[in-house]
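Peer 1: give me coordinates for this.
(chains A and B)
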Number of protein chains: 2
Amino acid sequence: MVQPVDLPRNEAGISAALGELRQQFGARVQSGRAIREQHGHTTTWIRNQPPDAVLFPQTTDEVAQILRICANHKAPVIPFGVGTSLEGHVNAAAGGICLNMSEMNRVLAVHAEDLDCVVQPGVTREDLNTHLRDQGLFFPIDPGANATLGGMAATRASGTNAVRYGTMKDNVIALEAVMADGAVIRTAQRARKSAAGYDLTRLLIGSEGTLGIITEITLRLHGIPGAIMSARCSFPTVDAACQAVMTTIQYGIPVARIELLDALQVRACNAYSKLDLPEAPLLLLEFHGSDAGVAEQSETFAEIAEEFGGSGFQATASPEERAALWRARHDAYWAALQLRPGARGLSTDVCVPVSQLAACVAATQERLQKDGFVAPIVGHVGDGNFHTLLLIDADNPEEVARADAFIGWLNDLAISMGGTCTGEHGIGQGKRPYLERELGSATRYMKAIKAALDPDNILNPGKVLPD
Amino acid sequence: MVQPVDLPRNEAGISAALGELRQQFGARVQSGRAIREQHGHTTTWIRNQPPDAVLFPQTTDEVAQILRICANHKAPVIPFGVGTSLEGHVNAAAGGICLNMSEMNRVLAVHAEDLDCVVQPGVTREDLNTHLRDQGLFFPIDPGANATLGGMAATRASGTNAVRYGTMKDNVIALEAVMADGAVIRTAQRARKSAAGYDLTRLLIGSEGTLGIITEITLRLHGIPGAIMSARCSFPTVDAACQAVMTTIQYGIPVARIELLDALQVRACNAYSKLDLPEAPLLLLEFHGSDAGVAEQSETFAEIAEEFGGSGFQATASPEERAALWRARHDAYWAALQLRPGARGLSTDVCVPVSQLAACVAATQERLQKDGFVAPIVGHVGDGNFHTLLLIDADNPEEVARADAFIGWLNDLAISMGGTCTGEHGIGQGKRPYLERELGSATRYMKAIKAALDPDNILNPGKVLPD
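Peer 2: Now for the predicted structure:
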């Protein structure tokens, strides 16, 4: 909750880099106030730190040219997808040049026979899936927002399908990236596996633009399942729902999605999405497989749910009903904001071992009540990951301080349970104080890697690493 | 094939470090010739470069103490599991101290409810699976040899189950490691996913002991499938078998194993394992799932096989028949050596996109025949990975040179097809010349990371990175 500070600016370097960039790219270097502020961080509680200029590169060569100019003048460079990150990832804490990657938005190749494709970083996940649909393929990672695949790789995104398909780290085969010195590298070839050298692919995934600018992504694809079934089930308590989730995972049921909404969130969704779900803790599920497979999974889950007091179990193979259910889930954030009009939404992102989930959610609910917050809970509970959306009056310092204390308490609780302060939103600016609490001296070696690959700290400075 | 050179030795440093280690560990510092040679590389064509001494640490603290002493004197440290690697990974190219991790062999925790466990690096995969069996759990990665889990993590091992369960990079949640300066780090917590900071877990996996010594591993486990079915099917040509594999993968059949043996390898296995398989290209398969699921998978595969001229399809749910089949597969290396008694076996390890597999194997077979090699082929073909075992008279320089030329040709062919020179054996000493051919300027940044984390190059020098 502590607002990010402005880092020292290299005025001379930024100015010299801007001069050269204008020579090279002319009016494509945009520095109007509106566009700069759009590219600072505006969607969350974190205050806006706009860059000095915004450029929309069109090729890897252009990105490399820009990086060479900026490296030469030690001017910061901040990559930007569509700006849906939540932790200040795209703020220009030390000024500099924002690279909006949205014009690098081509699907370069689909190798259906290898279940992979090669895309530019500005392709969004929805655009990719539209592109793939005719070939019976899909890319499963779904963080909710229609984010770019470059942004998703840079932040190690996951979302509702991760319980079955993993996160971005599991679904990227190779990257092309421009490094801080302007060199273009390729981290791996296109084979499904490799034991060749250090895993630079995984090092760049989740590095949040601080180690290199991703310019091409080779993604693993999956066949669209022969059968998809979605289901919902209400539970008497959040604890009962979590117990059902734990048992489902332990049984090894390959659920594709298993999402929790607490009663408050269900109420919000009913109002926002015109639904009439029972206002009790709810699990939403999706099963992928053959006709027989999804039926088997759904039946087994129904038995588990019953064991924990689940009620109103409904399963459907109708694509329309499924779409409505998941649209409501994806709109949960907007629905929740309506619980307190005018409030700021402040999302936590802890992820704990699944065995700790029920205890962690219960402690969270108790503390939320004690602290008097309006704060619905949703979660990718199959992974042990859940979000509390604190609805805050950002102009009330007491409330802000209380939220700050709550977030610190929750992150520490998750860490003490063997979990993490961030399952999927990343560190950005907002969680920097917690990285060291979570990983201790390992952060020293992260800093050493950063210093080795970006000695002048020009790539997205002020992110990820603690001071 | 080029034999490794001896790197410059820091005689004074090694001697000083040995002195301090003897003070600290007494007779546990072993420097007899036999034990030193056992810990240099002896199982492959690569010549032995024994360390100056061997130590069997028992705790992470001991590893840290040893590293601090060796760092202080810039003496090399080489970690050792059971020595089953194939590319000279454990040779002491610049002398130094070998750490045999086999006494750190405890399973520290099994969290059945979270499907994970925590082990020391000296636990072997067979020991772990024996330990887990009563709980209905297993660890799927199976490189054939009964390797240690530390060695498997360090080399990013995979093997027969990777097509379904992935490689070590997909099945390690967190590591504890001792870094070159003697500091102990933990790369992640125990949550199933995390977006917290750089992925040091994946950076250490596959770093072959050059960035840190792994002292603890948190592994992802899987429930033992309710039903397992194995199958075999012969094909008129290797090409037909490969086409069947490609189609199987493209259909999205979740085969757990799909292994190719060419006719020569089948002949060798028949002789060695007293089998009477048709001496034609053979696929061995395993299906995991529910009873209905494995039956469905097996039937779908049988239809695909028939389409490509497959014959003699046999499926079985009998554990005994399955064990016999896979024992024969695991003994393929020893069986192959009998094709030319006294010869050295020299294994290639290319991995290509599955769509290129048939072409790559066909070109390989043609060249093998032209070059006059006795060289059976086996492969984890579901991943596009196959091994050619060249049976060589190591005392015949002409033959050695011919083998060397073949290996270079095959690695380059795989790279030109979008593949890698090593699907699973790693770089070690033997493949260093190929890493740069495969990944070009990316190797510069690997070197920068190595220099940042191990500035005095004491961790397993002379491995992975090109000069």
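Peer 1: buried ones in the helix or strand containing A:K450?
Peer 2: Using DSSP states H and E, the element containing A:K450 is helix A:442-453. The neighbour-count check on helix A:442-453 (16 or more other C-beta atoms under 10 Å in any protein chain shown) flags A:442-450, A:452-453 as buried. Heads up, the C-betas are built off the backbone N, CA and C, glycines and all.
Peer 1: so how far is it from its chain's centroid?
Peer 2: Offset of helix A:442-453 from its chain centre (C-alpha atoms, centre = their mean, to the nearest Å): 23 Å.
Peer 1: show me what that helix packs onto, helices and strands only.
Peer 2: Applying 3 or more C-beta pairs under 8 Å, 6 or more residues apart in numbering or on different chains; DSSP states H and E, one finds that helix A:442-453 contacts strand B:184-186, helix B:200-204, helix B:442-453.
Peer 1: sheet partners, orientation included, of the shortest one?
Peer 2: Sheet pairing here is set by DSSP bridges, and for strand B:184-186 it gives strand B:172-178 (antiparallel).
Peer 1: with only the CA atoms kept, save the strand it pairs with in CSV.
Peer 2: Presented in CSV, the C-alpha positions along strand B:172-178 are these (Å, rounded to 0.1, in the frame of the first residue of the first chain):
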residue,chain,number,x,y,z
VAL,B,172,10.3,-29.5,-9.0
ILE,B,173,8.5,-26.9,-6.9
ALA,B,174,11.4,-25.5,-5.0
LEU,B,175,15.1,-26.1,-4.3
GLU,B,176,17.5,-25.4,-1.5
ALA,B,177,21.0,-24.9,-2.8
VAL,B,178,24.4,-23.8,-1.6
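Peer 1: what is the burial count for the nearest residue to A:V5 once chain neighbours are set aside?
Peer 2: Closest residue to A:V5 apart from its sequence neighbours, by C-beta to C-beta, 6 or more residues apart in numbering or on different chains: A:A93 at 7.5 Å. If you count neighbours by other C-beta atoms under 10 Å in any protein chain shown, A:A93 ends up with 23.
Peer 1: equivalent analysis for A:I173, please.
Peer 2: The burial count for A:I173: 24, using other C-beta under 10 Å.
Peer 1: tell me the contacts of it?
Peer 2: By C-beta atoms under 8 Å, 6 or more residues apart in numbering or on different chains, the contact set of A:I173 is A:116, A:188, A:190-192, A:201, A:218-220.
Peer 1: how many neighbours does the closest residue in space to it that isn't next to it in sequence have?
Peer 2: The shortest distance from A:I173 to any non-neighbouring residue, by C-beta to C-beta, 6+ apart, is to A:T218 (4.3 Å). The tally of other residues near A:T218 (other C-beta under 10 Å) stands at 24.
Peer 1: and A:T218, what helix or strand is that in?
Peer 2: Assigned by DSSP H and E, A:T218 belongs to strand A:213-220.
Peer 1: mind listing what that strand pairs with, with the direction of each?
Peer 2: Here strand A:213-220 is paired, per DSSP bridges, with strand A:116-119 (antiparallel), strand A:172-178 (antiparallel).
Peer 1: can you pull out the strands in the stretch 201-350 of chain A?
Peer 2: A:213-220, A:222-223, A:227-234, A:257-261, A:282-289, A:311-316, A:344-347 (DSSP state E, counting those that start in this stretch).
Peer 1: same check on the stretch 51-200 of chain A?
Peer 2: Using DSSP E, counting those that start in this stretch, strands in the stretch 51-200 of chain A cover A:53-55, A:77-80, A:97-100, A:107-111, A:116-119, A:137-138, A:172-178, A:184-186.
Peer 1: list the contacts of the residue nearest to A:R220 when sequence neighbours are not counted.
Peer 2: Spatial nearest neighbour of A:R220, chain neighbours left out: A:N171 (4.7 Å); criterion: C-beta to C-beta, 6+ apart. Going by C-beta under 8 Å, 6+ apart, A:N171 touches A:139-141, A:165, A:219-220.
Peer 1: which pair in the residues you listed spans the largest distance?
Peer 2: By the measure C-beta to C-beta, A:Y165 and A:L219 form the most distant pair in the contacts of A:N171, at 11.5 Å.
Peer 1: so for the two, which sits in the more crowded spot?
Peer 2: A count of neighbours by other C-beta under 10 Å puts A:L219 above the other of A:Y165 and A:L219, at 26 against 21.
Peer 1: list the contacts for the more buried one?
Peer 2: Contacts of A:L219 by C-beta under 8 Å, 6+ apart are A:116-119, A:128, A:139, A:149, A:171-173.
Peer 1: try A:A112
Peer 2: By C-beta under 8 Å, 6+ apart, the neighbours of A:A112 are A:135, A:137, A:221, B:250.
Peer 1: separation between the first one and A:M168?
Peer 2: The spacing between A:Q135 and A:M168, counted by C-beta to C-beta, to the nearest Å, is 21 Å.
Peer 1: ok, those two, which is more surrounded?
Peer 2: A:M168 (26 against 13).
Peer 1: quick check, that one in contact with A:I141.
Peer 2: Yes - A:M168 is within contact range of A:I141, at 5.8 Å (criterion: C-beta atoms under 8 Å).
Peer 1: identify the contacts common to the two.
Peer 2: Joint contacts of A:M168 and A:I141 (C-beta under 8 Å, 6+ apart) are A:152, A:157-158.
Peer 1: of these, closest to chain B?
Peer 2: A:S158 (5.8 Å; C-beta to the nearest C-beta).
Peer 1: grab the nearest non-local neighbour of that closest one.
Peer 2: With C-beta to C-beta, 6+ apart as the criterion, A:S158 has its nearest non-adjacent residue at 3.8 Å, and that residue is A:T167.
Peer 1: ok, the one you found - contacts?
Peer 2: A:141, A:156-158, A:424, B:193.
Peer 1: run the last query once more with 7 Å
Peer 2: By C-beta atoms under 7 Å, 6 or more residues apart in numbering or on different chains, A:T167 lies in contact with A:141, A:156-158, B:193.
Peer 1: ok, A:T420 next?
Peer 2: A:T420 neighbours (C-beta under 7 Å, 6+ apart): A:350-351, A:414, A:438, B:189, B:191, B:194, B:196.
Peer 1: please redo it, this time with the cut-off set to 6 Å
Peer 2: By C-beta atoms under 6 Å, 6 or more residues apart in numbering or on different chains, the residues touching A:T420 are A:351, B:189, B:191, B:194, B:196.
Peer 1: for the residue positioned nearest the centre of chain A, give its distance to B:T247.
Peer 2: Note on chain A: the residue nearest the mean C-alpha position is A:A157, at 3.8 Å, using C-alpha atoms, centre = their mean. Separation of A:A157 from B:T247 (C-beta to C-beta): 32 Å.
Peer 1: write out the residues of the stretch 1-150 of chain A neighbouring chain B.
Peer 2: By the rule C-beta under 6 Å from any C-beta of the partner chain, the part of the stretch 1-150 of chain A lying against chain B is A:113-114.
Peer 1: please enumerate the helices of the stretch 1-150 of chain A.
Peer 2: Using DSSP state H, counting those that start in this stretch, the helices of the stretch 1-150 of chain A run over A:11-25, A:33-39, A:60-73, A:125-132, A:149-154.
Peer 1: got JSON lines for those helices, with mean neighbour count and mean pLDDT too?
Peer 2: Below are these laid out as JSON lines (neighbours: other C-beta atoms under 10 Å in any protein chain shown; pLDDT from 0 to 100):
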{"stretch": "helix A:11-25", "mean neighbour count": "17", "mean pLDDT": "98"}
{"stretch": "helix A:33-39", "mean neighbour count": "15", "mean pLDDT": "96"}
{"stretch": "helix A:60-73", "mean neighbour count": "20", "mean pLDDT": "98"}
{"stretch": "helix A:125-132", "mean neighbour count": "18", "mean pLDDT": "98"}
{"stretch": "helix A:149-154", "mean neighbour count": "30", "mean pLDDT": "98"}
